[in-house]
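K.L.:
based on what follows, work out the 3D shape:
(chains A and B)
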Amino acid sequence: KAGVTQTPRYLIKTRGQQVTLSCSPISGHRSVSWYQQTPGQGLQFLFEYFSETQRNKGNFPGRFSGRQFSNSRSEMNVSTLELGDSALYLCASSLLADGETQYFGPGTRLLVL
Amino acid sequence: GDSVTQMEGPVTLSEEAFLTINCTYTATGYPSLFWYVQYPGEGLQLLLKATKADDKGSNKGFEATYRKETTSFHLEKGSVQVSDSAVYFCALRSGNQFYFGTGTSLTVIP
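P.N.:
Residues are numbered from 1 along each chain as shown, chains lettered A, B, ... in the order given. So this is what the prediction gives:
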């Protein structure tokens, strides 16, 4: 079974631009979570979607948004990029509604110049 | 709120040395506990988990026991290998949300 895939793997943007990242969960998984990973802050939870509904949201500004499609694929969008948004963005999927075990993708590394 | 605290790194060990990475947690209720590992350039992989007190998770020679009385989930391995060099994350699941520690970098030298 294919793992979690994320596209693109690397991205360079400039301040003020917006970006959309994509995540395809493991087949059959309905829960998708997003995390931001930075050297200083570690993994920080962004949001979680289950069956196209956002169930949980972390403490990030409204510039960060996401959605999930009927096939469970998910996208996250960051508008008006700031230098501090440079990070590795990780997507994780899980089978059960309660997200018992999460399986992570390789991440999208975003650099904001 | 819920949180995880793990020992700061980096940790450097010689091959075949004993490894302990400490992890303590704060949570209401009865969380599930996890250790994830991240190899260079990759995402996180589940290493082991425990879902209730006194459970022991184990995988690839690594072990961790869910200790409710000390709110701990320390990771141990009796004899590390160079291939174990990675960053290790302790995590808990409380309700529908995961909380991760800041990660501990391990380097094993031959």
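K.L.:
longest strand in chain B, by number of residues?
P.N.:
strand B:86-94 (DSSP state E).
K.L.:
how near is residue A:48 to chain B?
P.N.:
According to CB to the nearest CB, to the nearest Å, residue A:48 and chain B sit 6 Å apart. In this view, the C-beta of every residue, glycine as well, is placed from N, C-alpha and C.
K.L.:
am I right that that residue falls within a strand?
P.N.:
Yes. Assigned with DSSP: H, G, I helix; E, B strand; the rest coil, residue A:48 falls within a strand.
K.L.:
identify the residues contacting it.
P.N.:
A:31, A:32, A:33, A:34, A:54, A:55, A:56, A:57, A:99, B:96, B:97 (CB atoms under 8 Å, 6 or more residues apart in numbering or on different chains).
K.L.:
nearest to residue B:77, of those?
P.N.:
When the contacts of residue A:48 are compared for distance to residue B:77 (CB to CB), residue A:99 wins out at 26.9 Å.
K.L.:
ok, and what's touching the longest strand of chain B?
P.N.:
Taking CB under 8 Å, 6+ apart as the rule, strand B:86-94 contacts A:42-43, A:98-100, B:2, B:4, B:6, B:9, B:21, B:23, B:25, B:27-29, B:31-40, B:44, B:47, B:73, B:75, B:98-101, B:103-106.
K.L.:
quick one: mean pLDDT for the very next helix or strand once past it?
P.N.:
Remark: after strand B:86-94, the chain's next helix or strand is strand B:97-100, criterion DSSP states H and E. Averaged across strand B:97-100, pLDDT comes to 86.
K.L.:
next, the buried residues of the following helix or strand past strand B:97-100.
P.N.:
Using DSSP H and E, the helix or strand that directly follows strand B:97-100 along the chain is strand B:104-109. Of all the residues in strand B:104-109, those buried under the rule 16 or more other CB atoms under 10 Å in any protein chain shown are B:104, B:106, B:108.
K.L.:
ok, those vs chain A, which is closest?
P.N.:
Distance to chain A, by CB to the nearest CB, is smallest for residue B:104 among those, at 10.5 Å.
K.L.:
my read: that closest one touches residue B:7, true?
P.N.:
Yes. Between residue B:104 and residue B:7 there is a contact at 5.8 Å, judged by CB atoms under 8 Å.
K.L.:
the most centrally placed residue in chain A pairs with what?
P.N.:
Taking CA atoms, centre = their mean, the centroid of chain A lies closest to residue A:34, which sits 3.3 Å from it. Beta-bridge partners of residue A:34, counted by DSSP bridges, are residue A:47, residue A:91.
K.L.:
residue B:27 and residue B:97, how far apart?
P.N.:
11 Å (CB to CB, to the nearest Å).
K.L.:
each with direction, which strands does the least confident helix or strand in chain B by mean pLDDT pair with?
P.N.:
Using mean pLDDT, DSSP states H and E, strand B:97-100 stands out as the lowest-scoring helix or strand of chain B, at a mean of 86. Using DSSP bridges, the strands paired with strand B:97-100 are strand B:86-94 (antiparallel).
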